[in-house]
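J.: pasting the sequence and the predicted coordinates here, then a few questions.
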Amino acid sequence: MIKRLIPDLHSLSAQMVVISVGLVLLMAVATGVPAVWLLRDQFDRQAASQLEQGSRAADALYGAQQAELHGLALLLAERPTLHRLMVEGDARMLTDYLAVLGASTTLDAIRVCDSAERELAWVGGAADLMGCDGPTTGFALAREDGTLQAWLLAGHDVVTEGGRDLGYVIVGRALDDRFASRMRAETGLEHTLLVDGHPIATSLEGRLSMAETPTGGRFELDGRPFYTVLLALGEQGGDGLVAEVALDASGLVVAERRLIGSWAGGLVLVAGLASVLAALLARRIGRPLAELADAATLLSADSPAHSVAVETGVREVALVAEALEGARVDLERTLGELRNEKAWTDHLLEAIVEGIVTLDRLGQITFFSQGAERITGWRREEVLGHPCDEIFQPAETEQAFSELIPPPGQRHKISVQLRDGRQAVLAVTGARLVPPVSEPSRVALVFRDVSEEEAFRRLLAHFLANIAHEFRTPLSAQAAAVELLMDQAPDLSPAEIQELLTALHLGVLGLQTLVDNLLESASIEAGRFRVAPRAASLDRIIAEAIRTIQPLLNKHHQRLVIELPAALPTVVADPRRVGQVLINLLSNAVKYGPDGGEITVAVALGGGEARVSVADQGPGVPAEERADLFRRFAHPSTSNDRARYGIGLGLSVVKAVVEAHRGRIGVDDRPGGGSIFWFTLPLEGAKVNE
């Protein structure tokens with residue numbers, strides 16, 4: 001309803017409403033603001049007048065207090081009992097007498113000194129102010145228990161009727177919170193005593209917590225505003241002591257706010273009535289024009305299917321409607337052609353597997369293809385308008401992505417972090433787009449994910465380097481042993497010849513294992529890997545593998561522990577393949593275990609299968625590396641020099657053999673350090689889950 005009454009600001013209805021409301025507001029401001037200002041000035045004047053009266057009343061009360069204290073000091077100095085007690089010098093009786101006088105006269109402190117300025121008696125506070133150095137009169141400051149306190153003092157000489165000078169008496173009254181409360185009762189205004197701007201006594205609860213009095217004659221306490229005026233309390237001993245008279249302005253502020261609220265409410269009401277009347281009048285006058293505006297809005301919203309039909313008796317409006325209908329027909333035909341072209345372009349971009357991104361001159365993303373979404377994991381609506389450095393974050397350099405963009409026509413490989421946290425290598429080709437219209441040129445980037453290619457290239461280089469090392473090391477050892485046998489065989493002892501033959505045997509064994517793993521890996525990759533399971537003796541398979549690996553155990557002085565059940569049943573397995581599995585696991589245990597260590601081969605039965613495990617005392621396998629441990633070319637991190645090299649095929653072959661037997665394989669931590677590699681084989685006669 002409101003939208004129909006007040007359409008677009010450029011419409012006739014809106015302009016009439018704005019003008020009428022503006023006139024109402026202008027008149028209200030022209031009359032209301034001066035009235036509010038005058039009322040506020042009147043409130044300030046009223047507050048100033050009350051404060052001025054309160055200040056004069058407070059000044060008069062302070063004068064009366066001083067006069068009263070002076071009179072009390074004079075009356076006390078003329079009392080015969082005081083004269084007698086001072087002459088007798090009885091301090092205890094004099095102190096009791098002064099205490100009675102203080103209670104009856106509301107004095108807070110009395111001190112009596114003799115003519116030699118020695119203290120005879122003292123009751124009350126202000127001990128450090130009322131010294132026996134002559135009569136003291138006026139305002140003074142003292143500290144009582146670490147708290148600053150103001151006092152009003154008066155003194156008088158004590159002279160007998162015969163003219164004898166007995167000394168003098170000083171009386172005082174504490175200017176504390178009770179005194180401030182009495183001043184409030186007398187003046188009707190809040191009263192506070194301040195020293196250097198800091199309150200020390202007040203009639204306002206919570207006023208002492210304020211650090212100092214704000215300037216400008218105003219402060220707030222617990223949300224209540226106060227107008228203030230300061231009254232100096234004299235020079236003698238005052239040390240910056242002033243009295244603050246404060247007027248609670250809450251009532252004035254509430255009245256002011258009510259007045260302003262009433263004025264604002266009336267203004268809103270009048271403005272609302274004026275806007276409704278103006279909208280009704282504008283609707284009556286501009287209804288045909290509003291229908292034309294709605295039709296134009298539909299056209300601008302890519303909805304040219306709605307025909308422009310306006311019923312009006314105004315010829316000019318009818319001509320505009322006819323022209324708009326002709327434009328609608330032309331627009332509908334043009335939009336159809338553009339939609340077909342855009343659909344073809346979008347289909348073409350979707351078919352491109354590479355990612356396509358365009359950047360403006362500020363490096364912000366203006367286009368993001370579906371190929372880019374598939375590669376990076378970012379959705380188009382999440383990246384449009386964002387800087388490319390925020391979306392594409394290089395993983396191996398501190399440089400920003402915009403600094404790594406190749407020049408037009410060139411290609412760079414950039415390692416970036418994808419949305420899911422993975423790293424990928426992108427082959428990025430740059431180009432510069434110059435729009436046909438007068439717009440700034442843009443940078444276009446075409447990229448594809450070459451992470452697998454890069455990983456394969458690195459793995460291939462690593463594989464070639466390791467396999468060359470794996471072949472060269474045993475061949476060099478065998479060549480040296482053969483050369484030694486050929487040159488010095490007649491001079492060598494049988495033990496030395498046996499040692500050389502053992503070295504040759506170990507080299508041949510290592511090369512045979514390496515060649516077997518290479519052949520098996522190649523057959524697995526080519527899809528020609530097969531096993532021939534049959535009933536087989538597991539203890540015979542284990543014994544054959546141990547016999548093969550025994551020279552390697554002897555070389556590193558490692559002890560092998562066999563833990564088998566008393567009766568070991570027959571398993572369904574390919575003996576040669578399972579033996580290859582055990583030889584690989586035992587070779588790794590020797591390689592990763594320390595010299596002189598212990599390796600345990602154990603078999604456990606249960607669930608229709610045999611669980612064979614090989615436990616070593618090596619460094620173990622970190623948990624984060626176990627997921628990739630049985631993949632090709634995987635190398636667990638270790639500081640063992642013997643295990644630093646290898647082609648990373650043994651465990652992948654082991655996994656393929658075990659899974660071909662419908663078994664399971666895994667690795668666990670060994671208590672006390674090391675790893676336990678295990679695999680399962682089905683027992684003869686047991687059901688195997690497909």
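T.: Sure, I can see it. Note that the structure is predicted; figures quoted are calculated from it, not measured.
J.: just give me the neighbour total for Arg339.
T.: For Arg339, the count of nearby residues is 11 (other Cβ atoms under 10 Å). All C-beta spots, glycine's among them, are computed from the backbone N, C-alpha and C.
J.: what about it, which helix or strand?
T.: Using DSSP states H and E, Arg339 falls within helix 315-351.
J.: how about the helices in the stretch 201-350 of the chain?
T.: For the stretch 201-350 of the chain, the helices defined by DSSP state H, counting those that start in this stretch cover 250-300, 315-351.
J.: roughly how far does Glu186 sit from Gln46?
T.: Glu186 sits 21 Å away from Gln46, taking Cβ to Cβ, to the nearest Å as the criterion.
J.: scratch that, Gly607
T.: From Gly607 to Gln46 the distance is 99 Å (Cβ to Cβ).
J.: quick one: which of the two has more around it?
T.: Neighbours per residue (other Cβ under 10 Å) separate Gly607 from Gln46, with Gln46 holding more: 14 against 10.
J.: backbone dihedrals for that one, please?
T.: Dihedral angles phi and psi of Gln46 (degrees, to the nearest 10) take the values phi -60, psi -40.
J.: residue contacts, it?
T.: Gln46 makes contact with Leu252, according to Cβ atoms under 8 Å, 6 or more residues apart in numbering.
J.: which one is Ala427 nearest to, not counting chain neighbours?
T.: Once flanking residues are discounted, Ala427 sits nearest to Val450: 4.8 Å by Cβ to Cβ, 6 or more residues apart in numbering.
J.: my read: that neighbour touches Thr429, true?
T.: No - with contact defined as Cβ atoms under 8 Å, Val450 does not reach Thr429; the gap is 11.9 Å.
J.: number of residues surrounding the residue nearest to Ala427?
T.: Number of residues near Val450 (other Cβ under 10 Å) recorded here: 15.
J.: that one and Thr228, how far apart?
T.: For Val450, the distance to Thr228 (Cβ to Cβ) stands at 79 Å.
J.: check contacts around His412.
T.: Shown in contact with His412 (Cβ under 8 Å, 6+ apart): 404-406, 427-428.
J.: among those, which are in strands?
T.: Members of the contacts of His412 lying in strands (criterion: DSSP state E): 427-428.
J.: just confirm Leu20 is within a helix.
T.: Actually, residue 20 is Ser rather than Leu. Yes - assessed by DSSP: H, G, I helix; E, B strand; the rest coil, Ser20 belongs to a helix.
J.: does it touch Ala274 like I think?
T.: Yes - Ser20 is within contact range of Ala274, at 4.6 Å (criterion: Cβ under 8 Å).
J.: low-confidence stretches in the stretch 501-650 of the chain?
T.: Low-confidence segments of the stretch 501-650 of the chain (pLDDT under 70): 502-530, 627-628, 631-650.
J.: run the last query once more with 80
T.: Scanning the stretch 501-650 of the chain for pLDDT under 80 picks out the ranges 501-532, 552, 623-650.
J.: do the same with the stretch 151-300 of the chain
T.: Across the stretch 151-300 of the chain (using pLDDT under 80), the flagged ranges come out as 161-163, 197, 205-219, 221-223, 234-240, 248-268, 270-300.
J.: distance check, Val450 against Leu426.
T.: Counting by Cβ to Cβ, the gap from Val450 to Leu426 is 7 Å.
J.: hey, what's in contact with both of those two?
T.: With Cβ under 8 Å, 6+ apart, Val450 and Leu426 have common neighbours Lys413.
J.: return the distance of stretch 561-571 from the chain's centre.
T.: 60 Å (Cα atoms, centre = their mean, to the nearest Å).
J.: who touches that stretch?
T.: Residues outside stretch 561-571 that contact it (Cβ under 8 Å, 6+ apart): 535-539, 542, 546, 598-605, 610, 681-684.
J.: out of those, which sit inside helices?
T.: Assignment to helices by DSSP state H places the following of the contacts of stretch 561-571 there: 538-539, 542, 546.
J.: closest to the centroid, which residue in the chain?
T.: Centroid-nearest residue in the chain, with Cα atoms, centre = their mean: Glu390, separated by 18.1 Å.
J.: helices and strands around the stretch of helix or strand it belongs to, which ones?
T.: Per DSSP H and E, Glu390 falls inside helix 388-391. With contacts taken as 3 or more Cβ pairs under 8 Å, 6 or more residues apart in numbering; DSSP states H and E, helix 388-391 sits against helix 401-404.
J.: ok, and for the following helix or strand past the helix it packs on, which residues are buried?
T.: Next along the chain after helix 401-404, taking DSSP H and E as the criterion, comes strand 411-417. Within strand 411-417, the residues that qualify as buried are 414, 416, counting by 16 or more other Cβ atoms under 10 Å.
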